[in-house]
Each structure stands twice: as C-alpha cells, then as structure tokens.
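A.B. asks: Fold the following and give me the result.
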Amino acid sequence: MGRGKLRIYLGAAPGVGKTYAMLSEAHRRVERGTDCVVAFVEHHDRQRTEVMLHGLEQVPRRRLEYRGGVFPEMDLDAVLARRPQVALVDELAHTNVPGSRNAKRWQDVEELLAAGIDVISTVNIQHLESLGDVVESITGVRQQETLPDEVVRRADQVELVDMSPEALRRRMAHGNIYRPDKVDAALSNYFRPGNLTALRELALLWVADRVDAYLTQYRSEHRVSKIWGSRERIVVGLTGGPEGRTLIRRGARLAEKGAGGEVLAVYIARSDGLTSASPKELAQQRTLVEDLGGTFHHVVGDDIPAALLAFARGVNATQIVLGSSRRKTWQYVFGPGVGATVARESGPDLDVHIVTHEEVAKGRGLPVARGARLGRSRRVWGWVVGVAGPPVLTALLSTVDLGLANDMLLFLALTVAAALLGGLFPALASAAVGSLLLNYFYTPPLHRWTIADPKNIVAIVIFVAVGVAVASVVDLAARRTHQAARLRAESEILSFLAGNVLRGETGLEDLLERVRETFGMESAALLERASDVEPWTCAGRAGQGGPVERPDQADVDVPVGDHMALALTGRVLPAEDRRVLAAFAAQAAVVLDRRRLQEEADRARALEEGNRIRTALLAAVSHDLRTPLAGIKAAVSSLRAEDVEWSEEDRAELLAGIEEGADRLDHLVGNLLDMSRLQTGTVTPLIREIDLDEVVPMALGGVPEDSVDLDVPETLPMVGVDPGLLERAMANLIENAVKYSPSGAPVLVSASALADRVEVRVVDRGPGVPDEAKDRIFEPFQRYGDAPRGAGVGLGLAVARGFAEAMEGTLDAEDTPGGGLTMVLTLRAAGTHPEPLQPAETERQAS
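C.D. replies: Numbers count the residues shown, from 1 in each chain. The predicted structure follows:
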C-alpha cells in the first residue's frame, strides 16, 4: 500500500476556523462515502466546533498519567488498528505527554501516513520552527510547541484559512474563541491588531512562496519552457547607457497596470570583462529600480540576446522592455542588433517592447583598453632583462655547445621573463636583440649578419613571431588582471554609495572621510558658493590637512553643478580615478541638500507647532483660566461683603468653591508648565529601577476612591523609569478615564510583561474614540467630542505621551472590547535600558 496523503489547514492565529474547516471537509467526505474518523480533535469548548463533531466517528482517546494528572492523547495504535481511509488529527505541532510512543504529534502523523492512511490536520504559522524568532519579536512570546518546516512543506496540500484581524477580534470579543474571563487579557496581549496583522502577513507570504515554488517545480518536472502569464513579470534589459532610467520607468508603469506586477532589471556582461557600461550609471539605475520596488540582476553571457531570453524564460517573464539601438546606420552591416534579435527569437508567449529615447542612433563608445601601469621597479627590471639579458646569455652559451634549437629556446624563455616583468615593450626588445645575437653567433656563417641555410632563416623568424606572441599574451593577461581588480574596487565603492542612498544615511562628514580614505588623500572638503561673484565656503570637511578655501588650491577638484565642488589635497589622482570620484561628489551634494531640507522642515515644523501652541494657549487663558478665577473672586467678594450674614453652611459651600477653583487652577497651570517643558525640550528624566506597584497607587490621589480597580501583580519585573514623570503621566491617564467613564463602571488599571517590555493599560467603559481621532487626542489643546469647557484645556494626554516618550516608552489608544477606550503605556523593563540607571535612592529634582 502506498503512502497516505497529508492535507493541512494553515492559519495565522487561534480562532480563524482551521478546525471548523477540517470538520466541514470531513462531513463532505463522509457524505461521499469515504471512511473518515476523528483521531484527535480538540474543540476548546467552542460550541460551533463541538456541534461539527456530531455525526463523525471518534476513536477513543488514550489517557496518560503525568505528575499527578490525567491527560488525553491520540491513541495511535487504535487508529492504526481501525485503518480508516482518512483520519482527522488536530494541532499538528502538539507535544505529546511523556510516556507516549512519539514526542511530537507530527511524528504520530508520519506513522499514519506510512501506513497508507490519509491525514487532515491543522497548524498555526507561529508553530513553524524557522519563524520562531520572528514570531517572538512580534508577539513577545516564545512558542514552545514547534515543528520542522519540512513537515508542512512535504504536505500534499496546504490550504490557508484566512480572517482579517478586525473580524478575529470581534469573534474573540463575542466569546467564540476563549472563555469570557480570558477575553480582555487576550485582546490586550496576543490578539492586538498589530500582532494579528503581522502574523497574517507571515502566513500569506509563506503560502505564496510555497505556491511559487510548486509552480516552478511543476514547470521543471513537465519541462514547460512556454511562459505562463500567471502574473506580470517585466524584464528590463539594460546596457549601462543613459537610456536605462527611461526603460526602468516604462517597465514600472507596465507592471502597475497588472495585479501583482513585478519588475526585473537585468544587465548582461560579456565574460571577457570588456564593457562600455558606466559603473556610475549602472549604480544609479540599480538604485532607481529598487526604489520602484523591482530587483536588479547581473548576468554574464557572450550571446546577449540568448542570455536575455534565457533569463526572461527562467523567471517566467511575460514582457521584455528594450531601448531602441544606439548604433549608427553603418553599424547595422555587422548584424541586426540585440533588440531585433530578441524580438525575432522571443516567440508568441513573450512580448517585446522597443522604447525610443534620446540616445537613439547617437552611437555608443567602444571599450578602450587602457594600459596597466606596472610599478617602476618592475619596468626597470623588465628593460634590464630584455636588453642586457640576451648579451649575458650569449656570453654564458659561448662556453658550451647546446645546439641551435636549445639556444633558441633559452632566448625565448628570456623573452617571456621580460614580458612578465616589464610588459610588452621590454619583451619586444628582448626578441629583437635575441634574434640578432642568434644570427651573429649561432647560425652559419658565424660572426656575420648573413644566414647560409634557409632553414635557419625560418627558425629565427618563428622565434621572433613566437616571442612577440607570447609577450603579447602575457602583457594582455596582466592588463586584464589589473582591469578586473580596478573594476571590482570601483563596484564595491559604488555599491557602498548606493547602499547609503537606500538606507537614507545623511552624514556628510562620514562620507567625506570615506572619500579621503578611499583615495588616500590628506583631506577632503565640499565647497560651495551662492553665485560666481561670491566667495567659496566650506560645507563639510574631513582629514588633517590645511583648510582649502578655493577649488584651485586643492590637488584635485571635481565640480558638482555650477556652484559646488569637491576638493581634495594630498596628491594628484590619475584620470581613471575621477570617474568614481565624480560619483562621490554627486552623493555628497545630495547628502548636503537632504540635510538642509531636513533642517528647514524641522524649523518650519517647530515654528508651526509654536504658533499653534501659542494660539491655543491664548484661547485657554481667555476662558479656561478665567473661569476658576472668576469663581474664586466671586466667592471671596461674597464672604467679605459686610451687608450679608452668611450661615455656616453657606460659608462652607463658598470656601469649598474657592478650594475647588484653586485646585482646578493648580491642575491647569501644572499641565501648562509640563507642556511648555516638553515643547522646549527641558524634560530630563532620571531613570532608575522601580516596581510599578510603588508608583501607580500614588497616581490615584485626584480621583474618587471607588472609581478605579487596580490589577498590578507583584511578580512583574521592575521598570526603568523616572518615578515622578511616570506618576504624573499615570495621574493624567486615570483622571481622563474616570472623567469619561459612566457612573458605576470603575476604571481598570492593569499591568503585564511582554518580552523586554511592561505594559500598563488604563481601561474605561466610556463612549470611546473612533480610529481616525485616536492620534489627534494626544495633540495639545485637543478635547474630543462635545466635552464641556470646564473639562480642562486638553493637555492631559499630550503631557502623558510626552513624559512616556521622554522615558523611551510609548503611549497609544485602543478600543475597549464591548465599548470604551484603553490607554496602553509601554515601558522598558529594567536591564534593557540603553543608558545606565540611577541608584534606587536617587530622587528626581523638581523643576
């Protein structure tokens, strides 16, 4: 009997409906007459899942004792003895109770499959072994039950059970997943919208990769060379010329027209390393295609049309974008060109777009083989061997008689040595001198410049030809080695620049230091001036050399536009170095412009924020501060009135009004001062380790006694905070929550630990805040909805978030399941703070 087939329902999180889908499939198979049994399914007290078990045969479970408890497990032997056609096995990553035959449930499933039984199972994406670290970084929880990815990849069918985070949270809030007493904790921790969205993306990407791999495998097994247009893949052929950017943008526009379009830019380089492509231009085009969401590929191939078509078919591309040829008319006598050849050989399943551009028919430069600059000592020794070597060898051979053939081989070896040391010209000199000496001393008639035997003439001619050929090959190999090393160095430098652009790094001095180190200069400076008549100023500098005030004072200067130049001192650079230096200069100008734009944006943002704060502050002072002052003044005037006799109750009421107004003024002024400190950046927290249960109760002084329920476990790790700032932030959060909570519904303040963070949640049952307003409520002088003017100036939440961020924490708003608003304050656990913490006895100085 053959091996059974495995079908897996994959989900992003518990509760998406994996088990329900598996049981639905079982009912369909039973209706078709398939022998299907439930080997192990856990319904977790979910009514709808439990109902789906009705009508299905269930194999009795095996019960094992472990540490004083009894645990049910799948009875593997009973399932094997029953030998159904299909067995349902839930929770594939489950760890069996010690004492079972196998440690993991997936190993039990392997035995069922080996016995020829088809298995339907379920698993969540977070249980895959390779994703353990990723899931822990997202959720803060390390999954203890995992299974090898290969187990899932070997499955005959993987079906994704998908559900949006919003729908899953609603299902959780309705009690369809966990018991009611666990709902709030689950929604506040593992089932947060961000966690669910990230896990859902992991599941979708994993399944998409598996589908793509299966498609590639199928095409390979069935030798399908024809392109299947399952998705638009646009291959853009680049030559390294300036038209490449036009082609990339055209390819990106074509990809946008189809769902899931993909752009792949490819540059075909010849295997001999000779190319007319500009490394700077290729680096810019690579950056452009990656910015547009595509990928860049470098392929080696001598037959460019064939290599391009092979690449396109290999990636299952649907379209190729090429530029019109830059060759001149007379050059077409050598062939139809790459574009025409690709269009002719592409076939009906691959569309080829020939895009016009400004470089059409302008010609393209041929590769120039620049000579390799050998060291001075090598050139000297090459000439010494080439010119003085033959006479010395002649003197040595005069003492022995080896024959003309051996004499020629020795002179040829001397020519090769001259080529290895000094290059082509010393080798040619060695061949010429050697041929003359061979004629004069070793070919009859001796000591005369004539040759009697024609065979000796042929031998000397062959000697000269072989010497020249060998010298040329050796010299060419040395030059190619030098070119390859130089191109490799240039590519590494340009790759560094492209990486800076992609990462958005903006350190001008760091870039100039890199220029100085790369070219071995004493100093590097970026000079600029406003106009041709203005003096030069230094925008950035690196190195130890003297300051350069003008570009003409530098050993090397590279202009960048009309009013900017990169100036270097130390030595004069060869011409071939200026190509890479120009790329550095352009990048330095970009970094400078980006830094200045960022500075201008920061200044504008600060001015705008200051103006808004001042305007709101005037509005607050005009009403919110005037109101309690007016109440205090009226009460004091009444008490001082001599014509009115106040009873004790009236006097007490007036005094209570004065006290309430003064407290309100104190609260408003305190928030205004805190906000001004945050705006001016003068809040300097003194971080120390402290327990939350020491700080949170102190923040309840401004609210009624029975209005808040505390749930702060003593087992929580200590947090690294400024106790004074944390107390003030918590007081503002709690007072705001109490203000909007209905009577009889106390505010819940709870805390929990998640990885290296500690979360404090302030939960109210008030009217809540819509999603579009959740960020706005943290802005200064914002009061949501129809809050009365007496409710404050709208600074409490802004101050709380400012204090949280000053302590390197975060403050966010979430919906409370069942209605209301939850403020989530996230703090660093002690031991994870990047700066050393203050001793426990250090107290924060009052400002």
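A.B. asks: what residues does whatever helix or strand residue 112 lives in touch?
C.D. replies: Here residue 112 sits within helix 105-114, counting by DSSP states H and E. Contact with helix 105-114 is made by 3-6, 39-40, 74, 76, 79-80, 87, 89, 91-96, 100-102, 119, 121, 147-148, 151, as judged by C-beta atoms under 8 Å, 6 or more residues apart in numbering. Glycine gets a C-beta too; all of them are placed from N, C-alpha and C.
A.B. asks: residue contacts, residue 718?
C.D. replies: Residue 718 sits in contact with 689-691, 829-830, where contact means C-beta under 8 Å, 6+ apart.
A.B. asks: if you set the cut-off to 7 Å instead, what comes out?
C.D. replies: The contact partners of residue 718, taken as C-beta atoms under 7 Å, 6 or more residues apart in numbering, are 689-691, 830.
A.B. asks: Can you convert those residues into CSV and add a column each for secondary structure?
C.D. replies: Below are those laid out as CSV (DSSP: H, G, I helix; E, B strand; the rest coil):
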residue, secondary structure
689, strand
690, strand
691, coil
830, coil
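A.B. asks: Stretch 605-616 - what's its average pLDDT?
C.D. replies: In this model, stretch 605-616 carries a mean pLDDT of 67.
A.B. asks: actually stretch 256-273, sorry about that
C.D. replies: 74.
A.B. asks: coming back round to it: among the contacts of residue 718, show me the least confident.
C.D. replies: pLDDT across those is lowest for residue 830, at 81.
A.B. asks: May I have the phi/psi pair for residue 827?
C.D. replies: Dihedral pair for residue 827: phi -120, psi 160, per degrees, to the nearest 10.
A.B. asks: Identify the bridge partners of it.
C.D. replies: residue 758 (DSSP bridges).
A.B. asks: Could you measure from it over to residue 747?
C.D. replies: 19 Å (C-beta to C-beta, to the nearest Å).
A.B. asks: which one of these two has more residues nearby?
C.D. replies: Taking neighbours as other C-beta atoms under 10 Å, residue 827 and residue 747 compare with residue 747 leading, 26 against 23.
A.B. asks: shouldn't the more buried one be in contact with residue 765?
C.D. replies: No - using C-beta atoms under 7 Å, residue 747 is not in contact with residue 765; the gap is 8.2 Å.
A.B. asks: Overlap of the contact sets of those two?
C.D. replies: Counting by C-beta under 7 Å, 6+ apart, the residues touching both residue 747 and residue 765 are residue 741.
A.B. asks: what are the ranges of the strands in the stretch 151-300 of the chain?
C.D. replies: Remark: strands assigned in the stretch 151-300 of the chain by DSSP state E, counting those that start in this stretch are 157-161, 233-238, 262-269, 295-300.
A.B. asks: With the stretch 301-450 of the chain instead?
C.D. replies: 319-323, 351-355.
A.B. asks: Pick the most buried one from these.
C.D. replies: Ranked by mean neighbour count, the strands of the stretch 301-450 of the chain are led by strand 319-323 with a mean of 25 (mean count of other C-beta atoms under 10 Å).
A.B. asks: in the protein, what residue sits furthest out from the centroid?
C.D. replies: Most distant from the centre of the chain: residue 445, at 80.5 Å, with distances by C-alpha atoms, centre = their mean.
A.B. asks: got the residue ranges for the strands in the stretch 551-700 of the chain?
C.D. replies: 556-559, 564-569, 688-690.
A.B. asks: Relative to residue 377, which of those is closest?
C.D. replies: With C-beta to C-beta as the measure, strand 556-559 is the member of these nearest residue 377 (26.0 Å).
A.B. asks: Determine the three-state secondary structure at residue 751.
C.D. replies: Taking three-state DSSP as the rule, one finds residue 751 in the strand state.
A.B. asks: Check the gap between it and residue 142 for me.
C.D. replies: On the measure of C-beta to C-beta, residue 751 and residue 142 end up 20 Å apart.
A.B. asks: Student question: in the protein, what's the helix or strand with minimum average pLDDT?
C.D. replies: helix 454-503 (a mean of 69; mean pLDDT, DSSP states H and E).
A.B. asks: after that one comes which helix or strand?
C.D. replies: helix 508-519.
A.B. asks: per-residue confidence averaged over that next one?
C.D. replies: What helix 508-519 shows for mean pLDDT is 76.
A.B. asks: One more: stretch 563-570?
C.D. replies: If you average the pLDDT over stretch 563-570, you get 84.
A.B. asks: Just give the number of residues close to the residue found closest to residue 433 once you drop the neighbours it is linked to in the chain.
C.D. replies: Counting by C-beta to C-beta, 6 or more residues apart in numbering, residue 433 lies nearest to residue 390, which is 4.4 Å off, once chain neighbours are set aside. Residue 390 has 25 neighbours, counted by other C-beta under 10 Å.
A.B. asks: Check what pLDDT residue 390 gets.
C.D. replies: Reported pLDDT for residue 390: 86.
A.B. asks: Test my guess that it contacts residue 432.
C.D. replies: No - in this structure, residue 390 is not within contact of residue 432 by C-beta under 7 Å, at 9.1 Å.
A.B. asks: returning to that earlier point: out of the strands of the stretch 551-700 of the chain, the one nearest residue 201 is which?
C.D. replies: Nearest to residue 201, of the strands of the stretch 551-700 of the chain and by C-beta to C-beta, is strand 688-690 at 36.1 Å.
A.B. asks: if I look at the nearest residue to residue 254 once chain neighbours are set aside, how far off is residue 378?
C.D. replies: Distances taken as C-beta to C-beta, 6+ apart put residue 234 closest to residue 254, at 5.2 Å, once the chain neighbours are dropped. Distance from residue 234 to residue 378, counting by C-beta to C-beta: 50 Å.
A.B. asks: got it, and residue 300?
C.D. replies: 31 Å.
A.B. asks: out of the contacts of helix 105-114, which are inside helices?
C.D. replies: 76, 79-80, 151 (DSSP state H).
A.B. asks: of all those residues, which comes closest to residue 664?
C.D. replies: residue 151 (65.0 Å).
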